[in-house]
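# Okay, sequence plus prediction incoming.
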Amino acid sequence: MDEIKIALGKGRLEKFTLQALQEMGIEFPELKKGSRKLIFNDTEDKIRIVLVKASDVPTYVENGAADIGFVGKDTLLEQGADVFEVLDLGFGKCKFAVAGLPDQATKPNQKLTVATKYPKVAKNFYNNKGVSVETIYLNGSVELAPLIGLSDVIVDIVETGRTLKENGLVVLEDISEISARLIVNKASFKTKTERIHSFINQLDDLLKKHSIQN
Ligand code: PRP
(Lines give C-alpha, C1' and ligand atoms only; values in the text may rest on other atoms or scores of the structure.)
Protein backbone atom coordinates (compact mmCIF):
# COMPACT_ATOMS: atom_id res chain seq x y z
CA MET A 1 0.00 0.00 0.00
CA ASP A 2 1.25 3.52 -0.86
CA GLU A 3 2.20 5.56 2.13
CA ILE A 4 0.51 8.89 2.89
CA LYS A 5 2.87 11.73 2.02
CA ILE A 6 2.81 14.80 4.21
CA ALA A 7 4.47 18.11 3.37
CA LEU A 8 5.70 19.89 6.45
CA GLY A 9 7.01 23.44 6.32
CA LYS A 10 10.29 24.07 8.11
CA GLY A 11 10.26 26.76 10.78
CA ARG A 12 7.36 28.32 12.67
CA LEU A 13 4.93 25.34 12.52
CA GLU A 14 7.42 22.48 12.48
CA LYS A 15 7.63 21.81 16.21
CA PHE A 16 3.86 21.93 16.80
CA THR A 17 3.17 19.71 13.82
CA LEU A 18 5.69 17.06 14.85
CA GLN A 19 4.29 17.17 18.37
CA ALA A 20 0.75 16.63 17.05
CA LEU A 21 1.93 13.72 14.90
CA GLN A 22 3.73 12.21 17.87
CA GLU A 23 0.57 12.45 19.97
CA MET A 24 -1.21 10.60 17.16
CA GLY A 25 1.37 7.84 17.61
CA ILE A 26 3.26 8.73 14.43
CA GLU A 27 6.99 8.84 15.10
CA PHE A 28 9.96 9.66 12.91
CA PRO A 29 13.00 8.33 14.76
CA GLU A 30 15.57 9.65 12.28
CA LEU A 31 14.19 13.18 12.49
CA LYS A 32 14.85 13.27 16.20
CA LYS A 33 18.56 12.77 15.65
CA GLY A 34 18.75 16.25 14.11
CA SER A 35 19.39 14.79 10.68
CA ARG A 36 19.84 16.97 7.59
CA LYS A 37 17.68 14.58 5.58
CA LEU A 38 14.52 15.93 4.01
CA ILE A 39 12.43 12.76 3.71
CA PHE A 40 11.47 10.63 6.68
CA ASN A 41 9.35 7.51 7.06
CA ASP A 42 7.46 6.77 10.24
CA THR A 43 8.25 3.65 12.25
CA GLU A 44 5.37 1.75 10.63
CA ASP A 45 6.26 2.86 7.09
CA LYS A 46 2.73 4.18 6.57
CA ILE A 47 3.49 7.88 6.59
CA ARG A 48 6.27 9.75 4.84
CA ILE A 49 7.00 13.37 5.59
CA VAL A 50 8.88 15.70 3.32
CA LEU A 51 10.43 18.76 4.95
CA VAL A 52 10.00 21.72 2.63
CA LYS A 53 10.22 25.49 2.75
CA ALA A 54 7.00 26.66 4.44
CA SER A 55 5.90 28.76 1.46
CA ASP A 56 6.28 25.72 -0.84
CA VAL A 57 3.83 23.48 1.06
CA PRO A 58 0.77 24.45 -1.09
CA THR A 59 2.77 23.74 -4.27
CA TYR A 60 3.69 20.22 -3.14
CA VAL A 61 0.09 19.47 -2.15
CA GLU A 62 -1.60 21.06 -5.15
CA ASN A 63 0.62 19.08 -7.52
CA GLY A 64 0.15 15.80 -5.67
CA ALA A 65 3.79 15.45 -4.58
CA ALA A 66 2.28 15.35 -1.10
CA ASP A 67 -1.23 14.16 -0.17
CA ILE A 68 -1.49 16.36 2.89
CA GLY A 69 0.16 19.57 4.04
CA PHE A 70 0.51 21.51 7.27
CA VAL A 71 0.62 25.19 6.36
CA GLY A 72 -0.05 28.64 7.76
CA LYS A 73 -3.16 30.52 6.63
CA ASP A 74 -0.76 33.38 5.76
CA THR A 75 0.85 31.25 3.05
CA LEU A 76 -2.52 30.04 1.76
CA LEU A 77 -3.90 33.58 1.52
CA GLU A 78 -0.82 34.84 -0.30
CA GLN A 79 -0.34 31.93 -2.69
CA GLY A 80 -3.84 30.62 -3.20
CA ALA A 81 -3.86 26.90 -4.00
CA ASP A 82 -6.30 24.49 -5.59
CA VAL A 83 -6.49 22.19 -2.57
CA PHE A 84 -9.03 21.28 0.11
CA GLU A 85 -8.52 23.20 3.35
CA VAL A 86 -9.97 20.72 5.81
CA LEU A 87 -8.98 21.73 9.35
CA ASP A 88 -8.09 24.81 11.34
CA LEU A 89 -5.37 23.37 13.57
CA GLY A 90 -5.55 26.18 16.10
CA PHE A 91 -1.79 26.40 16.62
CA GLY A 92 0.65 28.83 15.00
CA LYS A 93 -1.66 31.69 15.87
CA CYS A 94 -0.63 35.17 14.74
CA LYS A 95 -2.14 37.96 12.67
CA PHE A 96 -1.59 39.99 9.55
CA ALA A 97 -1.18 43.66 10.36
CA VAL A 98 -0.11 46.98 8.94
CA ALA A 99 2.78 48.36 10.97
CA GLY A 100 4.89 51.45 10.87
CA LEU A 101 6.42 54.23 12.90
CA PRO A 102 4.10 55.52 15.65
CA ASP A 103 4.09 58.99 14.14
CA GLN A 104 3.43 57.73 10.61
CA ALA A 105 2.31 60.87 8.76
CA THR A 106 -0.18 60.69 5.91
CA LYS A 107 1.12 62.13 2.67
CA PRO A 108 -1.75 63.76 0.80
CA ASN A 109 -1.79 63.05 -2.96
CA GLN A 110 1.01 60.53 -2.64
CA LYS A 111 0.64 56.78 -3.00
CA LEU A 112 1.29 54.85 0.19
CA THR A 113 4.25 52.50 -0.20
CA VAL A 114 3.99 49.13 1.52
CA ALA A 115 6.93 46.78 1.98
CA THR A 116 5.90 43.17 2.44
CA LYS A 117 6.53 39.51 1.90
CA TYR A 118 2.77 39.28 1.20
CA PRO A 119 1.97 41.63 -1.73
CA LYS A 120 -1.31 39.89 -2.58
CA VAL A 121 -2.61 40.14 0.98
CA ALA A 122 -1.51 43.79 1.19
CA LYS A 123 -3.12 44.72 -2.16
CA ASN A 124 -6.39 42.96 -1.26
CA PHE A 125 -6.54 44.74 2.08
CA TYR A 126 -6.01 48.20 0.60
CA ASN A 127 -8.19 47.51 -2.47
CA ASN A 128 -11.08 46.66 -0.17
CA LYS A 129 -10.59 50.00 1.53
CA GLY A 130 -10.43 51.77 -1.83
CA VAL A 131 -6.86 52.89 -1.22
CA SER A 132 -4.33 52.46 -3.98
CA VAL A 133 -0.85 51.49 -2.83
CA GLU A 134 2.51 50.59 -4.24
CA THR A 135 3.86 47.32 -2.84
CA ILE A 136 7.56 46.59 -2.56
CA TYR A 137 8.37 42.89 -2.25
CA LEU A 138 10.91 41.92 0.40
CA ASN A 139 11.85 38.39 1.37
CA GLY A 140 12.52 39.05 5.07
CA SER A 141 13.57 41.64 7.66
CA VAL A 142 10.65 43.69 6.40
CA GLU A 143 10.74 45.83 9.56
CA LEU A 144 13.77 47.63 8.16
CA ALA A 145 11.83 49.23 5.31
CA PRO A 146 10.04 52.06 7.18
CA LEU A 147 13.14 52.64 9.33
CA ILE A 148 15.37 53.43 6.41
CA GLY A 149 12.83 55.12 4.19
CA LEU A 150 12.18 52.28 1.75
CA SER A 151 8.44 52.29 2.48
CA ASP A 152 5.83 54.14 4.53
CA VAL A 153 4.48 51.03 6.22
CA ILE A 154 4.80 47.25 6.18
CA VAL A 155 2.25 44.45 5.98
CA ASP A 156 3.56 41.47 7.89
CA ILE A 157 2.70 38.76 10.36
CA VAL A 158 2.82 39.68 14.02
CA GLU A 159 3.02 36.94 16.61
CA THR A 160 4.41 38.19 19.94
CA GLY A 161 4.95 41.76 18.67
CA ARG A 162 8.55 41.60 19.83
CA THR A 163 10.16 42.24 16.45
CA LEU A 164 8.08 45.38 15.95
CA LYS A 165 8.74 46.62 19.47
CA GLU A 166 12.50 46.12 19.28
CA ASN A 167 12.55 48.10 16.06
CA GLY A 168 10.40 50.96 17.34
CA LEU A 169 7.40 50.08 15.16
CA VAL A 170 3.74 49.70 16.13
CA VAL A 171 0.69 47.99 14.71
CA LEU A 172 -1.33 50.61 12.84
CA GLU A 173 -4.16 48.34 11.65
CA ASP A 174 -5.10 44.68 12.09
CA ILE A 175 -5.84 42.79 8.88
CA SER A 176 -6.78 39.20 9.79
CA GLU A 177 -6.14 36.34 12.18
CA ILE A 178 -3.89 33.48 11.09
CA SER A 179 -3.40 29.90 12.27
CA ALA A 180 -2.11 26.63 10.88
CA ARG A 181 -4.33 24.70 8.47
CA LEU A 182 -4.44 21.15 7.17
CA ILE A 183 -4.71 20.97 3.39
CA VAL A 184 -5.34 17.94 1.19
CA ASN A 185 -4.65 17.24 -2.48
CA LYS A 186 -7.97 16.97 -4.33
CA ALA A 187 -7.15 13.74 -6.18
CA SER A 188 -5.69 12.06 -3.07
CA PHE A 189 -8.93 12.85 -1.26
CA LYS A 190 -10.68 10.54 -3.73
CA THR A 191 -8.03 7.86 -4.24
CA LYS A 192 -6.88 7.50 -0.64
CA THR A 193 -10.22 8.41 0.94
CA GLU A 194 -10.22 6.00 3.84
CA ARG A 195 -6.70 6.68 5.07
CA ILE A 196 -6.97 10.42 4.62
CA HIS A 197 -10.30 10.56 6.44
CA SER A 198 -8.91 8.46 9.23
CA PHE A 199 -5.88 10.81 9.50
CA ILE A 200 -8.13 13.89 9.58
CA ASN A 201 -10.46 12.35 12.18
CA GLN A 202 -7.55 11.33 14.41
CA LEU A 203 -6.09 14.83 14.22
CA ASP A 204 -9.48 16.42 14.81
CA ASP A 205 -10.00 14.25 17.92
CA LEU A 206 -6.59 15.32 19.19
CA LEU A 207 -7.42 19.00 18.67
CA LYS A 208 -10.75 18.58 20.48
CA LYS A 209 -8.97 16.84 23.36
CA HIS A 210 -6.55 19.76 23.62
CA SER A 211 -9.32 22.36 23.47
CA ILE A 212 -11.13 20.58 26.31
CA GLN A 213 -7.92 20.55 28.35
CA ASN A 214 -7.26 24.27 27.78
C1 PRP B 1 8.13 36.85 11.08
C2 PRP B 1 7.64 38.22 10.70
C3 PRP B 1 8.22 39.10 11.77
C4 PRP B 1 8.25 38.20 12.97
C5 PRP B 1 7.07 38.47 13.86
O6 PRP B 1 9.39 36.67 10.56
O7 PRP B 1 8.06 38.58 9.39
O8 PRP B 1 9.51 39.53 11.41
O9 PRP B 1 8.17 36.85 12.50
O10 PRP B 1 7.12 37.71 15.04
P11 PRP B 1 6.98 38.39 16.47
O12 PRP B 1 5.76 39.25 16.45
O13 PRP B 1 6.85 37.23 17.42
O14 PRP B 1 8.23 39.17 16.73
P15 PRP B 1 10.07 35.23 10.54
O16 PRP B 1 10.69 34.95 11.85
O17 PRP B 1 9.06 34.21 10.09
O18 PRP B 1 11.24 35.42 9.51
P19 PRP B 1 11.38 36.27 8.17
O20 PRP B 1 11.82 37.66 8.59
O21 PRP B 1 12.43 35.54 7.43
O22 PRP B 1 10.07 36.28 7.47
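Happy to help now that I have it. Numbers count the residues shown, from 1 in each chain.
# tell me which parts of the protein are close to the ligand?
12, 117, 140-142, 156-163 (C-beta under 6 Å from any ligand atom). All C-beta atoms are positioned from the backbone trio N, CA, C, and that covers glycine.
# Can I get the residues you listed in CSV including secondary structure?
Formatted as CSV, the residues of the chain next to the ligand follow (DSSP: H, G, I helix; E, B strand; the rest coil):
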residue, secondary structure
R12, coil
K117, coil
G140, coil
S141, coil
V142, coil
D156, strand
I157, strand
V158, strand
E159, coil
T160, coil
G161, coil
R162, helix
T163, helix
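# longest helix anywhere in this protein?
helix 193-213 (DSSP state H).
# now that one: how far from the chain's centre is it?
Distance of helix 193-213 from its chain centroid, counting by C-alpha atoms, centre = their mean, to the nearest Å, is 20 Å.
# thinking again about what came up before, now the residues of the chain next to the ligand in JSON lines, with pLDDT?
Output for the residues of the chain next to the ligand, formatted as JSON lines (pLDDT from 0 to 100):
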{"residue": "R12", "pLDDT": "85"}
{"residue": "K117", "pLDDT": "97"}
{"residue": "G140", "pLDDT": "93"}
{"residue": "S141", "pLDDT": "96"}
{"residue": "V142", "pLDDT": "98"}
{"residue": "D156", "pLDDT": "98"}
{"residue": "I157", "pLDDT": "97"}
{"residue": "V158", "pLDDT": "97"}
{"residue": "E159", "pLDDT": "96"}
{"residue": "T160", "pLDDT": "96"}
{"residue": "G161", "pLDDT": "97"}
{"residue": "R162", "pLDDT": "97"}
{"residue": "T163", "pLDDT": "97"}
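# list the buried ones in the lowest-mean-pLDDT helix or strand in the chain?
Counting by mean pLDDT, DSSP states H and E, the chain has its least confident helix or strand at helix 29-32, which shows a mean of 79. Within helix 29-32, the residues that qualify as buried by neighbour count (16 or more other C-beta atoms under 10 Å) are L31.
# what residue lies at the spatial centre of the protein?
By C-alpha atoms, centre = their mean, the chain has its centre lying nearest to G72, at 1.9 Å.
# and the longest helix of the chain, what does it pack onto?
strand 4-10, helix 14-23, strand 84-88, strand 180-184 (3 or more C-beta pairs under 8 Å, 6 or more residues apart in numbering; DSSP states H and E).
# at 10 Å instead, please
If contacts are counted by 3 or more C-beta pairs under 10 Å, 6 or more residues apart in numbering; DSSP states H and E, helix 193-213 sits against strand 4-10, helix 14-23, strand 68-72, strand 84-88, strand 180-184, helix 186-191.
# quick check: longest strand of this structure.
As assigned by DSSP state E, the longest strand anywhere in the chain is strand 170-178.
# what does that strand rub up against?
Here strand 170-178 makes contact (C-beta atoms under 10 Å, 6 or more residues apart in numbering) with 72-77, 92-104, 118, 121-122, 124-126, 128-129, 152-159, 161, 164.
# care to break this protein down by domain?
Annotated domains of the chain cover 4-92+179-213, 94-177 [automatic domain parsing].
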